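Q: Predicted model and sequence below, questions to follow.
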Amino acid sequence: MKDKKSISIRLEGDLLQKLRYVAKCNGRSANGHIVLMIRRNVTEFERKNGEITEEKLQKEDLYG
């Protein structure tokens, strides 16, 4: 099993309700739908800008 991390996000209540609605219509939980959207976003970014390698990640201060 992959090492899973969590993040917390803040959003308006109506947006959360709409997210849950869209996710349910697609047979997913809100969390599953967010993960899918993030994966698609990263894939699109890498398609345009090249793969995000471990070397690139280590060069960045992602928690600064």
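A: It's in.

Q: switch to C-alpha atoms for all contacts and neighbour counts from now on
A: Noted.

Q: Give me the neighbour count for the closest residue to residue 19 other than its chain neighbours.
A: Once flanking residues are discounted, residue 19 sits nearest to residue 30: 6.4 Å by CA to CA, 6 or more residues apart in numbering. Per other CA atoms under 10 Å, the neighbour tally for residue 30 reads 18.

Q: quick one: least confident helix or strand in this structure?
A: Within the chain, confidence by mean pLDDT, DSSP states H and E is lowest for helix 54-59 among all helices and strands, at a mean of 90.

Q: Just the C-alphas of it, formatted as PDB.
A: Taking C-alpha atoms only, helix 54-59 is exported to PDB below (Å, rounded to 0.1, in the frame of the first residue of the first chain):
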ATOM      1  CA  GLU A  54      12.200  13.200  -7.900                       C
ATOM      2  CA  GLU A  55      15.300  15.400  -8.700                       C
ATOM      3  CA  LYS A  56      13.000  18.300  -9.500                       C
ATOM      4  CA  LEU A  57      11.000  17.700  -6.300                       C
ATOM      5  CA  GLN A  58      14.100  17.600  -4.100                       C
ATOM      6  CA  LYS A  59      15.300  21.000  -5.600                       C
END
